[in-house]
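Novice: Next comes the sequence, and after it the predicted model I'd like to discuss.
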Amino acid sequence: MPLFDPTPTNIALAAARLKDDKLVAFPTETVYGLGANALNTEAVERIYTTKGRPSYNPLIVHVASVEDAQQLAAHWPENAQKLAQAFWPGPLTLVVPKTSEVPDIISAGLETVALRVPAHPIALELLRAAQIPLAAPSANRSGEVSPSRAEHVTQSLGDDIWVLDGGPCEVGIESTVVDVSGDGVAILRPGILSSRQIERVVGPLVEASDDAEGVPRRSPGTLEKHYAPRALVHLYSTIIDAAFHAPLLASGQKIGVLPSEPTTLGRQFDVIERVMPAEPAAYAREIYGALRDLDDAGVALILVEDVPGGSAWEGIRDRLKRAAKR
């Protein structure tokens, strides 16, 4: 099935498909989402089946407004309102107590639901046209690199998925997920919105406890290995560290390198090198595309220079750490 331009006619057709409990992939400012009617269990099951997603990994529900989010919350905490006013529409997901209207499959059986108002005009137009909340995890096979362009969706899920093509995603990595369902506020998944930005709105954060493997997650995107290309990923701190892979580099296998500035590895070895931006927003926008491009080039190993410290890089560090997990 081809990609569809986001014309008013095609958005109306996509909305009709969603109301008919079919799947539609659509752009958000973070990554492309695989959307389904969040209030219909069978439609949501199609997401899990299509992605090969484990049932204990919950989904984010996308809505068009704060008021729509409040309709799905059994209780709307004061901190939820503060953060929604500060960052919605935007790359922020809030975990709140859910109403009985939200199927258990959405939240992996937990009593909370993850909600977001996306800051992408096509996503918002689609939500308003469909007039239903949309469950929409990243539109790729579970555990793979998330899609930041429409063609990434078909590369991962095949040509049977209806995809609205909104071009490259502006943010490029998934939203920051913040739990406001309890007494404290905790970041469950870092994103482009940093802990420092969240603290400016709600004050000091509490530390999130780790979820055990195989049990229901409070947030999507927290599996130990996630966002991973087919090639092995290794993080290195300096080019000297990268040189420890010289035996593999010299073996004739093609290697990808994502450094902060040009290296000399390509003078000796079969290396595809792509220098990454020094600014975190630009880096986030490019990283998934870079990993996918190196996979498509057939590299066996991707050496990624570790990113700087500081809260602005939290989400990127999280994605690279999970991509490199063996």
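Specialist: Sure thing, it's come through.

Novice: So which residues of the stretch 151-300 of the chain form strands?
Specialist: 162-164, 176-179, 186-189, 232-236, 255-258, 271-273 (DSSP state E, counting those that start in this stretch).

Novice: okay, these, which one's buried deepest?
Specialist: Across the strands of the stretch 151-300 of the chain, the average number of neighbours (mean count of other Cβ atoms under 10 Å) peaks for strand 176-179, which reaches a mean of 27. For glycine as for every other residue, the C-beta is placed from the backbone atoms N, C-alpha and C.

Novice: And it, what does it pack against?
Specialist: Helices and strands touching strand 176-179, as assessed by 3 or more Cβ pairs under 8 Å, 6 or more residues apart in numbering; DSSP states H and E, comprise strand 92-97, strand 186-189.

Novice: and with 10 Å instead?
Specialist: Helices and strands touching strand 176-179, as assessed by 3 or more Cβ pairs under 10 Å, 6 or more residues apart in numbering; DSSP states H and E, comprise helix 78-87, strand 92-97, strand 112-116, strand 186-189, helix 195-202, helix 314-323.

Novice: Alpha carbons of that strand, as CSV, please.
Specialist: Output of strand 176-179 as CSV, limited to C-alpha atoms (Å, rounded to 0.1, in the frame of the first residue of the first chain):
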residue,chain,number,x,y,z
THR,A,176,9.3,12.1,27.8
VAL,A,177,7.0,10.0,30.0
VAL,A,178,6.2,11.4,33.4
ASP,A,179,4.3,9.6,36.2
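
Novice: how about the helices and strands packed on strand 176-179 in a markdown table, adding mean pLDDT?
Specialist: What follows is the helices and strands packed on strand 176-179, written out as a markdown table (pLDDT from 0 to 100):
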| stretch | mean pLDDT |
| --- | --- |
| helix 78-87 | 98 |
| strand 92-97 | 98 |
| strand 112-116 | 97 |
| strand 186-189 | 95 |
| helix 195-202 | 97 |
| helix 314-323 | 95 |
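
Novice: what would these look like in a markdown table with distance to Pro27?
Specialist: Conversion of the helices and strands packed on strand 176-179 to a markdown table gives the following (distance: least, Cβ to Cβ, whole Å):
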| stretch | distance to Pro27 |
| --- | --- |
| helix 78-87 | 19 |
| strand 92-97 | 17 |
| strand 112-116 | 14 |
| strand 186-189 | 20 |
| helix 195-202 | 23 |
| helix 314-323 | 19 |
